[in-house]
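K.L.:
Please find the sequence and the predicted model below.
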Amino acid sequence: MKAFLLTLLVAVLCVEQAHSLVCFTCKDASSNWDCLASTTCQSDENYCVTTYFGAGIGGRSGQSISKGCASVCPSGGINIGIAAASVSCCSSFLCNTSGATSVKVSYSVLAMAILASFIYFRAGL
């Protein structure tokens, strides 16, 4: 009987540990290097989430990265040339490593907009 209870206890502990998701965490960091802390998610949190916001105009640009655990996966993104926002999620051990690298400020679109504005004002239209 004792062997059965010990086996049952080990099985329950192993099952619970298998559902423990570990994610990188940070809030409003300017770089992924500032997001190296990790946390064990709650039992109802099945996703690691990364939120990215970046903007740039002229020679100035900035970004904000937040990471953590979530119970839902709210993925999506937008890129309008001078600003970009993205929310991505994953569901494996420390999987939210990068800061949503698929969405970055597009400097070529920004340069074309500035050039078009310059031509517009120069032509006096």
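P.N.:
On my side now, so go ahead. Numbers count the residues shown, from 1 in each chain.
K.L.:
show me where pLDDT drops low in this structure?
P.N.:
Residue ranges of the chain with pLDDT under 70: 1-19, 99-125.
K.L.:
so where do the helices sit in this protein?
P.N.:
2-18, 107-123 (DSSP state H).
K.L.:
Report how many residues lie close to residue 43.
P.N.:
11 (other CB atoms under 10 Å). In this view, the C-beta of every residue, glycine as well, is placed from N, C-alpha and C.
K.L.:
Please tell me how far it sits from residue 71.
P.N.:
10 Å (CB to CB, to the nearest Å).
K.L.:
I'd like to know how many residues surround residue 62.
P.N.:
Residue 62 has 10 neighbouring residues, counting by other CB under 10 Å.
K.L.:
can you check the one 5 residues further on too?
P.N.:
Using other CB under 10 Å as the criterion, residue 67 is surrounded by 27 other residues.
K.L.:
so it makes contact with residue 96?
P.N.:
Yes: proximity of residue 67 to residue 96 meets the contact threshold set by CB atoms under 8 Å, at 5.2 Å.
K.L.:
Mutual contacts of the two, please.
P.N.:
Listed contacts common to residue 67 and residue 96 are 23-24, 48-50; contacts here mean CB atoms under 8 Å, 6 or more residues apart in numbering.
K.L.:
most surrounded residue in these?
P.N.:
Counting by other CB under 10 Å, top hit in the shared contacts of residue 67 and residue 96: residue 48 with 28 neighbours.
K.L.:
Identify the bridge partners of residue 83.
P.N.:
residue 55 (DSSP bridges).
K.L.:
just checking, it touches residue 55?
P.N.:
Yes: taking CB under 8 Å as the definition, residue 83 is a contact partner of residue 55 at 4.2 Å.
K.L.:
in stretch 65-74, what's buried?
P.N.:
Buried residues in stretch 65-74, defined by neighbour count with 16 or more other CB atoms under 10 Å: 65-70.
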